[in-house]
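> Take a look and give me a structure for this.
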Amino acid sequence: MAPEEEIVLGGRAAEVLDSTVFLNAKKAVTEGIQRQMRAVPLSDQTMHTRLIVALQVWDQLEKYLENIKQTGEIRQFEITQEEERKRRFALFQFGN
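Residues are numbered from 1 along each chain as shown. This next block holds a predicted model:
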């Protein structure tokens, strides 16, 4: 994927992660799972396992979006650094 595409996707992932809708969904999902975990009898290992898997899947979704966001930020930083390096090199060459 081109760096520019990674930057765009990173921005979109950041919008999702920072959106009120996503934050409310995160709170509702995690609280719902935790509430169910407290309500399920300890003897019901199957249900506890399913709830743990549900939390793990939610965590993976968040990590995936965070990874895309960070990749976009890194690519933007790299491009900015490269442009700055080129600008300084051009000033150095033409300044002499």
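
> Spatially nearest residue to the spatially most central residue of the chain, not counting backbone neighbours?
The chain has Glu66 as the residue nearest its centroid, 1.1 Å off, counting by CA atoms, centre = their mean. Closest residue in space to Glu66, ignoring its immediate chain neighbours: Leu17 at 6.7 Å, by CB to CB, 6 or more residues apart in numbering. All C-beta spots, glycine's among them, are computed from the backbone N, C-alpha and C.

> same check, this time on Leu65
Ala13 (4.7 Å).

> In terms of helix, strand or coil, where does the one you found fall?
Assigned with DSSP: H, G, I helix; E, B strand; the rest coil, Ala13 falls in the helix class.

> residues making contact with whichever strand or helix holds Gly10?
Secondary structure from DSSP states H and E places Gly10 in helix 3-18. With contacts defined as CB atoms under 8 Å, 6 or more residues apart in numbering, helix 3-18 is touched by 1, 22, 62, 65-66, 68-73, 75-76, 78-79.

> I'm done for today, thanks for sticking with me.
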